[in-house]
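Asks: Predicted coordinates and the sequence they were generated for:
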Amino acid sequence: MGSALALPIAFSRPSAGSTAGEGVTDPRRPAPIGSPVLDSLWPVIASSRHVRTDEARIRAVARWMAYEKLPFPSFGLDFDPATERDRAIDFAMVSNTINSAFTDFDTGIKFQTEYQGRSWSDAQAMTACLKRAMEKGIPILDGRFLAEVSRDELDEVFSGNIEMPMLDEKRAVLNEVGQALAERYDGFFHNFVPTCSPRLFDSGKGLVDRLISEFPRFNDTSPYRGHTVQFHKLAQLTYWGLYSGFRGHGGFRIDDIGSMTAFADYIVPVALRVMGILVYTPELDDKIEQGVLIPRDSDEEIEIRAHMLYATALLTEEVNALRPPELEVIIPQVDARLWSSYHTTHWPHHLTRTIMY
């Protein structure tokens, strides 16, 4: 099972944006960017049986995407970065601790809530709930509170159209993270960040390195035919939000920001599927269309996520090949372009019961 398997010649069922009838050539490796996440993907890319990446479609998409603006996303930090830097860091990191599974797995209904006269959905609804809790005086950013928070308390915090999906799992995560914060960092993530190297990956000392080692809920890896595949979606996304949010406001130092990959989630694979860049077997397509759960750590789930990271790395290379050096982008900027355009699409995404994304 650990040996590389040949890719199928082609997957059938052409659909919108798909070029499944085209043949498969040997996949090419993306240029190294100093990312252990990207480096870990090759065993999946080389032996996938359920998903493939269409490089011809990548080149076709790059021919128009290269001429878009592709700015850094304007992530709001929810607090004034000039006067409330510590609180902004705490809010971003606590919210990403539970930034997963906002769709009910049985009904397909997304979590929504009302806040400040507006209806919010998905991750934005979670953020709205956290803000609302803070306005009520609930110390939702303090690890000492999180370590002891009850299910009933969280259910009240996350009041909305349905019960927050995976509420029990989210509570367990907050209890675990809160205890670690309380024991080692006086209860707050803003005390943790300065103890890390200002790099994402730095021989165990970097921001991602330390986050995944000290807070296991961020250690997003999967076993694949004798290999360990690294994804680290939420760990990277946390720092991307801070890096982007603090631009122009004193900055959030990350010396190797170019080593950041895309964020392996539900939405960006949909964008790539619609564009014909990701091609699935008919069997996998059917499961997704019918809302069948794709088990965590199954070959199908791992291949979807791995090819999404692989394809966005190649797409970024092709985009940059068509842009002048001063306008080159990094992978998360391409991810942001795809996510922002497709996070409310009606095209079905795969469903996996997990706290990792």
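Replies: Received the coordinates, thanks.
Asks: going forward, measure contacts between C-alpha atoms and count neighbours the same way
Replies: Fine.
Asks: show me where the stretch 101-250 of the chain has strands.
Replies: 112-115, 118-121, 221-224, 227-230 (DSSP state E, counting those that start in this stretch).
Asks: Which secondary structure elements does the third one sit against?
Replies: The criterion is 3 or more C-alpha pairs under 8 Å, 6 or more residues apart in numbering; DSSP states H and E, and the helices and strands that strand 221-224 contacts are strand 227-230, helix 299-321.
Asks: Tell me which of the ones you listed is the most buried.
Replies: Among the helices and strands packed on strand 221-224, helix 299-321 has the highest mean neighbour count (mean count of other C-alpha atoms under 10 Å), at a mean of 23.
Asks: tell me the average confidence for the helix or strand that it is followed by?
Replies: Sequence-wise, the next helix or strand downstream of helix 299-321 (DSSP states H and E) is helix 331-342. For helix 331-342, mean pLDDT is 96.
Asks: Run through the residues that contact the closest residue to Phe215 other than its chain neighbours.
Replies: Closest residue to Phe215 apart from its sequence neighbours, by C-alpha to C-alpha, 6 or more residues apart in numbering: Val177 at 6.2 Å. Contacts here follow C-alpha atoms under 8 Å, 6 or more residues apart in numbering; on that basis Val177 touches 143, 146-147, 215, 217.
Asks: Please apply the same query to Ile109.
Replies: Thr103.
Asks: And the one 10 residues further on, by the same measure?
Replies: Listed by C-alpha under 8 Å, 6+ apart, the contact partners of Ser119 are 112-113, 125.
Asks: how about a cut-off of 6 Å?
Replies: Residues near Ser119 by C-alpha atoms under 6 Å, 6 or more residues apart in numbering: Thr113.
Asks: Of the helices and strands packed on strand 221-224, give the one that comes closest to Ser48.
Replies: When the helices and strands packed on strand 221-224 are compared by C-alpha to C-alpha, helix 299-321 sits nearest Ser48, at 6.4 Å.
Asks: next one: the closest one to chain centre, how far?
Replies: Averaged C-alpha coordinates place helix 299-321 at 13 Å from its chain's average position (C-alpha atoms, centre = their mean, to the nearest Å).
Asks: do the same with stretch 292-312
Replies: Taking mean C-alpha positions (C-alpha atoms, centre = their mean), stretch 292-312 and its chain are 12 Å apart.
Asks: which residues sit against that stretch?
Replies: By C-alpha under 6 Å, 6+ apart, stretch 292-312 touches 41, 50, 222, 262, 264, 269, 351-352.
Asks: Which parts of stretch 48-67 count as buried, going by neighbours?
Replies: Buried residues in stretch 48-67, counting neighbours by 16 or more other C-alpha atoms under 10 Å, are found at 48-55, 57-59, 61-62, 65-66.
Asks: Let me see the mean pLDDT of it.
Replies: Averaged over stretch 48-67, pLDDT sits at 98.
Asks: and for it, what are the contacting residues?
Replies: So stretch 48-67 is contacted by 277-281, 300, 315, 318-319 (C-alpha under 6 Å, 6+ apart).
Asks: nearest to Pro139, of the residues you listed?
Replies: Nearest to Pro139 among these, with distances taken as C-alpha to C-alpha, is Glu300, at 39.8 Å.
Asks: Closest to Lys205 out of the buried residues of stretch 48-67?
Replies: Ser48 (32.7 Å).
Asks: Can you give me the distance of the closest one to Ile267?
Replies: Distance of Ser48 to Ile267, given as C-alpha to C-alpha, to the nearest Å: 20 Å.
Asks: circling back: turn the contacts of stretch 292-312 into CSV, columns for secondary structure and distance to Asp256.
Replies: Below are those laid out as CSV (DSSP: H, G, I helix; E, B strand; the rest coil; distance: C-alpha to C-alpha, whole Å):
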residue, secondary structure, distance to Asp256
Leu41, coil, 20
His50, coil, 33
Ser222, strand, 24
Ala262, coil, 15
Ala264, coil, 19
Pro269, helix, 25
Leu351, strand, 32
Thr352, coil, 31
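Asks: From those residues, which shows the smallest pLDDT?
Replies: Leu351 (92).
Asks: Tell me where this structure is predicted with low confidence.
Replies: The chain contains residues with pLDDT under 70 at 1-25, 76-77.
Asks: Number of residues surrounding the residue nearest to Ser213 when sequence neighbours are not counted?
Replies: Ranked by C-alpha to C-alpha, 6+ apart and with sequence neighbours excluded, the top spatial neighbour of Ser213 is Asn219, at 7.1 Å. Counted with other C-alpha atoms under 10 Å, residues neighbouring Asn219 total 20.
Asks: contacting residues for the residue nearest to the spatial centre of the chain?
Replies: Centroid check for the chain by C-alpha atoms, centre = their mean gives Phe263 as the closest residue, at 3.2 Å. If you count contacts by C-alpha under 6 Å, 6+ apart, Phe263 has them with Lys233.
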